[in-house]
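Asks: Fold the stuff below for me.
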Amino acid sequence: MMGFETQDVERKVISILKVLSDSHEPLGARVIAHRLKDHGVELGERAVRYHLKLMDERGLTQLIGRRDGRVLTEQGVEEVRSALVKDKVGLAISRIELLAFRTNFNYEKCCGSIPVNVSLFPKEKFNKALQAMKAAFEKGLCVSDLVAVASEGEQLGELTVPKGKIGLATVCSIAVNGVLLKAGVPIDSRFGGILQIRDHKPLRFVELIHYVGSSLDPSEVFIRARMTSIREAAKEGNGKILANFREIPALCRPIAEEVMAKLEEAGLGGLLVMGNTSEPVCEVPVELNRIGVILLGGLNPVAAAEEAGIEAENNAMSTVVEYRDLIKFKEL
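Replies: Numbering: from 1, shown residues only. Reported below is the predicted structural model:
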C-alpha cells in the first residue's frame, strides 16, 4: 500500500512539473491547479502549494518573486525528460483525446475553442518564414488557412511566447476529431505519417508512427528529420506531406460527411480522402465495417519553412484557442 501511495505522489509531482514545463513564465498554485484539471488531475490549490514546497526542497522548482510563482530548475527540466517511462507510452494518443474533448467549436455560430499547433520562430526570421509557408497555405496543404500570431510575452492559448520569438498557431487536425465527437461520431486516431503525393493526388503512406506507441507527435519527428517535401508538392503536385489516418464506423458516414461540409464552410477542413466501407485507403488496410479517413497535417506549412532552412520550435497538439481570434494567413 505504501508503494502505491509513493507512486501516486510521484505522478502528481510529474504532472505539476509538466504544467510548469509547458509555460514560459512563472506559475502560481492557483493557475497550476486549474491547468492540472486539463490533464485529468484533480488537485486543490492548497495541495499544489504543499507539493511545490516539497519540490523546492528537492531542487526541482524555484520560487520567483514575492508571490508563489514557480519555475523549473535544470534538475526539474531533467526530471520531466526522464519522467516515468510507462506514463510516456501512449502520450500522443492521450493528448489527442484530451484536445478533442476540449474542442467546443460550433460551426453554426462559428464560435468556440479549436485545437492548434504552436510554432515559435526567431523574430528576425519570421517574415522569411511567412514567404516559405505561402505556397502550402495557397494550395490548401493544411487544415485551415486561419492562423493566430503572438509576439514575445503574449499568449497563444495557454502558451506564452518567449523572448526573441514570434508564435504562430496553425489549426490542428484534431479539430475534426473534436467536432465529430460532439456530433456523436466515434473516431479512432491510428497514426500520423508521410503521404506521397503524385500528380496532385494522394498515392500512399511511405512512413508512419502509431499514436498509441509514441510519446512524441509524429509530425514533430518527421519535420525534425527533414522527411517532407511540401514545397515540391505545392508547386509541382509531386512530393511528401504530413497526413493523419483515422477510422470511423461505416454507419456514421452520412453524419461525418455533413459535419465535414459544415467545417469546410467555416474555413476548417483538412479532409483529403474518405474511403469506402472496409476498403484500403492509400494502401492502408481498414477494419471491417469501418471507413478510412485521411486528414492533412496542420504543420505542413511550418514543415515548408523548415525545408527552406528556417527552424522553428514546434509544439504540436499543444492548446486550444478561440475561433474568433483567428485571421486568414494572407492578412499577414
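
Asks: Now for the nearest residue to residue 308 once chain neighbours are set aside, how many residues are close by?
Replies: Among residues not flanking residue 308 along the chain, residue 132 sits closest, at 3.9 Å (CB to CB, 6 or more residues apart in numbering). Quick note: C-beta positions are derived from backbone N, CA and C, even for glycine. Neighbourhood size, residue 132 [other CB atoms under 10 Å]: 21.

Asks: Just to check, residue 132 is in contact with residue 304?
Replies: Yes - if you go by CB atoms under 8 Å, residue 132 and residue 304 touch, sitting 5.5 Å apart.

Asks: Give the residues shared as contacts by these two.
Replies: By CB atoms under 8 Å, 6 or more residues apart in numbering, residue 132 and residue 304 have these common neighbours: residue 231.

Asks: And the helices in this protein, which stretches?
Replies: Here the chain has its helices, by DSSP state H, at 2-21, 29-38, 45-57, 74-81, 85-88, 91-102, 126-138, 174-182, 218-224, 230-236, 253-265, 300-307.

Asks: neighbours around residue 304, how many?
Replies: Residues near residue 304, counting by other CB under 10 Å, number 29.

Asks: residue contacts, it?
Replies: Contacts of residue 304 by CB under 8 Å, 6+ apart are 132-133, 135-136, 228, 230-231, 234.

Asks: would TSV of those with distance to residue 80 be doable?
Replies: TSV is the format used below for the contacts of residue 304 (distance: CB to CB, whole Å):
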residue	distance to residue 80
132	32
133	30
135	37
136	32
228	28
230	31
231	35
234	36
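
Asks: Neighbour-wise, give me the winner out of those.
Replies: Highest neighbour count within the contacts of residue 304: residue 230, with 31 neighbours (other CB under 10 Å).

Asks: What's the separation between that one and residue 8?
Replies: 44 Å (CB to CB, to the nearest Å).

Asks: How about stretch 288-302, which residues are buried there?
Replies: 290-302 (16 or more other CB atoms under 10 Å).

Asks: which among those residues gets closest to residue 263?
Replies: Taking CB to CB as the measure, residue 263 lies nearest residue 295 of these, at 11.0 Å.

Asks: Pretty sure that closest one sits against residue 176.
Replies: Yes - counting by CB under 8 Å, residue 176 is a contact partner of residue 295 at 5.8 Å.

Asks: Overlap of the contact sets of those two?
Replies: In contact with both residue 295 and residue 176: 143, 246, 270-271, using CB under 8 Å, 6+ apart.

Asks: between those, which is nearest residue 105?
Replies: Nearest to residue 105 among the shared contacts of residue 295 and residue 176 is residue 143, at 12.3 Å by CB to CB.

Asks: Would you confirm that that closest one contacts residue 171?
Replies: Yes - in this structure, residue 143 is within contact of residue 171 by CB under 8 Å, at 4.4 Å.
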